[in-house]
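*Asks:* predicted structure and sequence below. I'll ask about it afterward.
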Amino acid sequence: METVETKKRIPIEGKSVILRYPHPEDAVEFTGSARRSRALHAGFVNPPSDGAAFIGYVLKNDEEENECFLIIEKDTGAIAGAINASQIFMGPFCSAYLGYYLFEGFTGKGLMADAMNTLLDFLFGEFGLHRAEANIQPNNEASIRLVEMCGFTKEGYSRKYLKIAGEWRDHERWAILREDFEQVDRL
């Protein structure tokens, strides 16, 4: 029987996206898209925008507590963004934190909803997690709509939760349990 360790290197296919691990040869496309998307991401996220930072991102997958994926648009084969599960704790906790973003030109197509549902299916299914949490700035309306649509529940508010672009920023805590995900109607 295959283990999660051997399966995790296989790309995960959604309806409109493929989630796969980043490779060093993705650096030019990824970092170029990150630089072109700075205005879109300003104050929310800082994707790797140079070669050294991107290699650091690639190497995160060598750490047991991370599952970092590129979001590949099926129609074009282009890197549309990234979606990551970090601080994965097994045992009695069985939980992870999620982070995600799309690049300029890929928003508004339903790609992130497909990527989120595909990742959650993987995390709750063969990976065996019980819970996933996304911490979102209150003014990030698109991200809040996404997690609501995917079945997350708002659990609280964390003041000055995370330092982004040199500022401590408040975040809302949104979470989904495996049994919640199983009840969501995903068309």
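*Replies:* On my side now, so go ahead. Residues are numbered from 1 along each chain as shown.
*Asks:* so where's the protein uncertain?
*Replies:* Along the chain, segments meeting pLDDT under 70 span 1-9, 186-187.
*Asks:* ranges for the helices of it?
*Replies:* Under the criterion DSSP state H, the chain contains helices at 4-7, 27-36, 38-41, 51-59, 111-124, 141-149, 178-183.
*Asks:* to Ala165, which of these lies closest?
*Replies:* With CB to CB, the closest approach to Ala165 among the helices of the chain belongs to helix 38-41: 9.3 Å. Heads up, the C-betas are built off the backbone N, CA and C, glycines and all.
*Asks:* so what sits opposite Tyr101 in the bridge?
*Replies:* With DSSP bridges as the criterion, Tyr101 is bridged to Ala82.
*Asks:* pretty sure it contacts Asn84?
*Replies:* No - counting by CB atoms under 8 Å, Tyr101 stays clear of Asn84, with 9.4 Å between them.
*Asks:* residues contacting the closest residue to Lys60 other than its chain neighbours?
*Replies:* Nearest non-adjacent residue to Lys60, counting by CB to CB, 6 or more residues apart in numbering: Asn66, 4.5 Å away. If you count contacts by CB atoms under 8 Å, 6 or more residues apart in numbering, Asn66 has them with Lys60, Asn84, Ala85, Ser86, Ile88.
*Asks:* now those residues in JSON lines, with distance to Lys15 and neighbour count?
*Replies:* Formatted as JSON lines, the contacts of Asn66 follow (distance: CB to CB, whole Å; neighbours: other CB atoms under 10 Å):
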{"residue": "Lys60", "distance to Lys15": "26", "neighbour count": "15"}
{"residue": "Asn84", "distance to Lys15": "20", "neighbour count": "19"}
{"residue": "Ala85", "distance to Lys15": "20", "neighbour count": "24"}
{"residue": "Ser86", "distance to Lys15": "25", "neighbour count": "14"}
{"residue": "Ile88", "distance to Lys15": "25", "neighbour count": "19"}
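*Asks:* what about the closest residue in space to Ala39 that isn't next to it in sequence, neighbour count?
*Replies:* Spatially, and ignoring its direct neighbours in sequence, Ala39 is nearest to Glu104 (7.8 Å; CB to CB, 6+ apart). When counting by other CB atoms under 10 Å, one arrives at 15 neighbours for Glu104.
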